[in-house]
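Q: From the sequence below, what's the structure:
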Amino acid sequence: MFMSTWKYKPSRAVSVRFLLDIIIWSAVGLPVIMLHLQGNPVEVGFFCDDNSLKYPYRESTISNQVLLGTSLGGVVTMMVLAEFLIYLDKRSRTNTSWPTAHVMKHLGVFLFGFTVNELFTIALKQRVGQLRPHFFDVCKPDFNAINCSQGFITEYTCMNTHVSQREIRESRLSFPSGHASLSMYCAVYIGYYIQVHMSVTYSSVLKPALQSVLVLLAVLNGLTRINDHKHHPIDVIAGFFFGAAIASFVFGTLGLKIQKTSKVTLDQKVSETFNAASETARMSLKKKYLYQGEVSCDTTISILEEENAKETPMDFVL
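A: The predicted model follows:
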């Protein structure tokens, strides 16, 4: 017989796995920080008559800070709001509790994918070294010392003393667009999350409408980078592709695993934890996993129907 003071404790295997995930995440995140702070892009040349590099410098319509704040903040807010609505729906039928572990798993997967996306983007930027459309305006090469008849110029000096070396460095990081990559990653990932995790019975178009709005916002964000002369069109298109591809890969390999695990392993978890438990205690443990947000709403109904059919009083209070 279970005692009412019994508390679930994560196994050593779970703790080790969590620690290993943190180590892997750090291993991915540290190169991102180092590349942002100390990475130097490949220095490529140009043609003197390249009109695609002659655009004037403009301030960003959407700054990096605004992009990070709205993208990360928006995704986290939508995830927590979705989980809250699911929690309210469950609570209306059962005495469920807030599924903290479930929410943290989804946020952890999203942030891991975000870090991977940043690593791919900044690594490609520095390896390709594509010049931005405003490169001539920022660098101001000394054309008097350049023999443009040579064709492709690889040796030149930036003469603009009104900008920092960091700004000149940034003018060499056009491909792919980080704004486009990040915004599309967030849009596609949360779109998958809405499709798989949210159950909407009162409208057949709400999900696709939300998903379309998210993708539209990402596309509009990318277009501002072209209008601001920060990127060439191909840079933005490539950013969209990389962001969508990484979001699809991460959600398909990790995000879906959270859902599948919660639906399949309930009875396995119960039997592995207490092989000799009474049927009533097993039912109570099932409900405990349910309230932690580790099983689906459909499983909720089947568990409660099974318990009501037995008409067995509970031996303890969760």
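
Q: For the rest of this, base every contact and every neighbour count on C-alpha atoms.
A: OK.

Q: so who does the residue lying closest to residue 128 once chain neighbours are set aside touch?
A: For residue 128, ignoring the flanking residues on the chain, the nearest one in space by Cα to Cα, 6 or more residues apart in numbering is residue 42 at 6.4 Å. Listed by Cα atoms under 8 Å, 6 or more residues apart in numbering, the contact set of residue 42 reads 126, 127, 128, 129, 172.

Q: I only care about those residues that end up buried; give me the ChimeraX line for that.
A: Here is the ChimeraX command that picks out the buried ones among those, judged by 16 or more other Cα atoms under 10 Å:
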select :126,128,129,172
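
Q: can you redo the contacts of residue 42 as TSV with pLDDT, secondary structure and distance to residue 190?
A: Formatted as TSV, these follow (pLDDT from 0 to 100; DSSP: H, G, I helix; E, B strand; the rest coil; distance: Cα to Cα, whole Å):
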residue	pLDDT	secondary structure	distance to residue 190
126	96	helix	28
127	96	helix	29
128	97	helix	30
129	96	coil	31
172	97	coil	31
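
Q: circling back to that earlier point, distance of the residue nearest to residue 128 from residue 176?
A: 14 Å (Cα to Cα, to the nearest Å).

Q: What of residue 230?
A: In terms of Cα to Cα, residue 230 sits 11 Å off from residue 176.

Q: Identify the residue nearest residue 25 in space, chain neighbours excluded?
A: Nearest non-adjacent residue to residue 25, counting by Cα to Cα, 6+ apart: residue 112, 6.4 Å away.

Q: So, low pLDDT: which residues of this protein?
A: 1-14, 92-99, 259-318 (pLDDT under 70).

Q: still on that earlier bit, closest one of the contacts of residue 42 to residue 53?
A: residue 172 (11.0 Å; Cα to Cα).

Q: so what's the closest one closest to, chain neighbours aside?
A: residue 131 (4.4 Å).

Q: so is the one you found in a helix, a strand, or just coil?
A: Three-state assignment for residue 131 (DSSP: H, G, I helix; E, B strand; the rest coil): coil.

Q: show me what contacts it?
A: Applying Cα under 8 Å, 6+ apart, the residues contacting residue 131 are 44, 53, 171, 172, 173, 174.
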